[in-house]
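1. Got a sequence here, can you build the structure:
(one chain, ligands or ions: 1)
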Amino acid sequence: MTDIGWGWLADMEGFGTLGDKVDDFKLLSSEELVSLNATLSPLKHASHGMIFARRSKLLWDLYDMKGMVMMQLRFDGVLGFPGGLVDDGETPLQGVNREMHEEIGLDLSKYSFTDGDRIASYVHEGKKLVLHFYMMEVSPEDFVLLEQRTLSAEEYGIETYGVVRVPLFTMGDGVRGFPAFLANQFAGNARDELIRGLLCSKLFTQQEMSVALKAYLSHSEKLKVETVTSKAN
Ligand SMILES: O=c1[nH]cnc2c1ncn2[C@H]1C[C@H](O)[C@@H](COP(=O)(O)OP(=O)(O)O)O1
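-> Modelled structure (predicted):
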């Protein structure tokens, strides 16, 4: 990578490069997580968190919106969960809570992640990066208040460029809504984390997710074909 004159975050740039494949991230068991430091040092850790609320509501009297999940548009132009790299001397849990405060203005005296909220950890061996994913449920009313606070977070306009509520429904064509949302570009393995989070929270059943994933994959193929065709013309 070269500095093209717009600035350079040096050591940090490499972790965020886009284009990772889902297989680049290996899900870790608790034992593997413990032994990893011995086998793959030096490692960098990053922690991200999914805040969600359950709310079954019919949109336009038609589409069942299963709940609310908070993501964000990031500085690098792609979608991700609030969170970030864990600082030296911090634990992944301290890291996720600090980043939540900086990026979305989370009041840590009222809402903070605990060790039990970690639902998965992954390693990207090439980047020597371990990703920790946490999940926290809040009430629908609190969710809306938390969304509103994101605009006054200290990192708003620097690292974060807007809170994004994931559309948790699928429209009549079977694609618009959640499947089309999945076709966006995500940081790290945030797409996989979103799918895991929705299943783990039981906002989606396995069957609902299978249908949505099928629609997303065929939609993504169609997008690729459209891109190739427009280049050829
Ligand atoms: O939401 C995410 N889920 C999984 N991985 C993610 C997510 N967002 C970013 N990432 C990856 C991309 C980078 O490799 C690292 C660092 O995260 P980032 O949020 O960019 O860290 P800083 O805010 O710059 O500390 O995680």
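2. starting at the chain centroid, how far to the helix or strand of the chain with the lowest mean pLDDT?
-> When each helix and strand of the chain is scored by mean pLDDT, DSSP states H and E, helix 30-39 comes last, with a mean of 84. On the basis of CA atoms, centre = their mean, to the nearest Å, helix 30-39 sits 23 Å off its chain's mean C-alpha point.
3. Check stretch 120-129 too.
-> 15 Å.
4. in the least confident helix or strand of the chain, what's buried?
-> Within helix 30-39, the residues that count as buried by 16 or more other CB atoms under 10 Å are 33, 36. Every residue, glycine included, has its C-beta placed from N, CA and C.
5. where along this structure do the helices fall?
-> 30-39, 92-104, 140-149, 178-182, 190-200, 206-232 (DSSP state H).
6. Show me how far the second one is from its chain's centre.
-> A distance of 14 Å separates the C-alpha centroid of helix 92-104 from that of its chain, computed with CA atoms, centre = their mean.
7. how big is the angle separating it from helix 140-149?
-> Angle, helix 92-104 to helix 140-149, by axes from the mean of the first three to the mean of the last three CA atoms, to 10 degrees: 70 degrees.
8. Which residues of the protein lie near the ligand?
-> 12, 15-16, 46, 48, 80-81, 83-85, 129, 131, 159, 187-190, 193 (CB under 6 Å from any ligand atom).
9. Mind doing that once more with 8 Å?
-> Proximity of the chain to the ligand (CB under 8 Å from any ligand atom) is limited to residues 9, 12, 15-17, 20, 46, 48, 71, 74-76, 79-85, 99, 103, 124, 127, 129, 131, 133, 155, 159, 186-190, 193.
10. Mind naming the longest strand for the chain?
-> Identified as the longest strand of the chain according to DSSP state E is strand 44-59.
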